[in-house]
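**Q** Output the structure for:
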Amino acid sequence: MYLEHVRITHIVLHIYLLFYFQKVYIQQRNSNIFFLADRAQTLGSCKKELDNMKKELQDI
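**A** Here you go, the predicted model:
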């Protein structure tokens, strides 16, 4: 349960940062390499992931 809370907090922070900064970078998994990403697409995927995690948490 704690790890789910940490994941949700991380996603909420990421969404907050997307609202206030123009450039968005996505980190390559298991790497220190970042790529410039489309802001609207990244925000949409973060919101979907957050909604899914909230639904899973409510089901528990």
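**Q** C-alpha from now on. contacts and neighbour counts both.
**A** Fine.
**Q** Just give me the residue closest to the centre of the protein.
**A** When the chain is reduced to its mean C-alpha position, the closest residue under C-alpha atoms, centre = their mean turns out to be Ile11, at 3.5 Å.
**Q** Isn't that one up against Lys48?
**A** No. The pair formed by Ile11 and Lys48 falls short of the contact definition of C-alpha atoms under 8 Å, at 10.2 Å.
**Q** Identify each buried residue in stretch 37-46, please.
**A** By neighbour count with 16 or more other C-alpha atoms under 10 Å, stretch 37-46 contains the buried residues Thr42, Leu43, Cys46.
**Q** Quick one, grab the pLDDT at Gly44.
**A** pLDDT for Gly44: 86.
**Q** What strand or helix carries it?
**A** Here Gly44 is covered by helix 39-59, with elements defined by DSSP states H and E.
**Q** helices or strands up against that helix?
**A** If you count contacts as 3 or more C-alpha pairs under 8 Å, 6 or more residues apart in numbering; DSSP states H and E, helix 39-59 packs onto helix 2-20.
**Q** how close does Gln28 sit to Met53?
**A** As for Gln28, its distance to Met53 is 21 Å (criterion: C-alpha to C-alpha, to the nearest Å).
**Q** Which residue comes closest to Leu36 once chain neighbours are left out?
**A** Sequence neighbours aside, Tyr25 is the residue nearest to Leu36 in space, at 4.4 Å (criterion: C-alpha to C-alpha, 6 or more residues apart in numbering).
**Q** before we move on, what about Lys47?
**A** Of all residues apart from its sequence neighbours, Ile15 sits closest to Lys47 (C-alpha to C-alpha, 6+ apart), at 7.4 Å.
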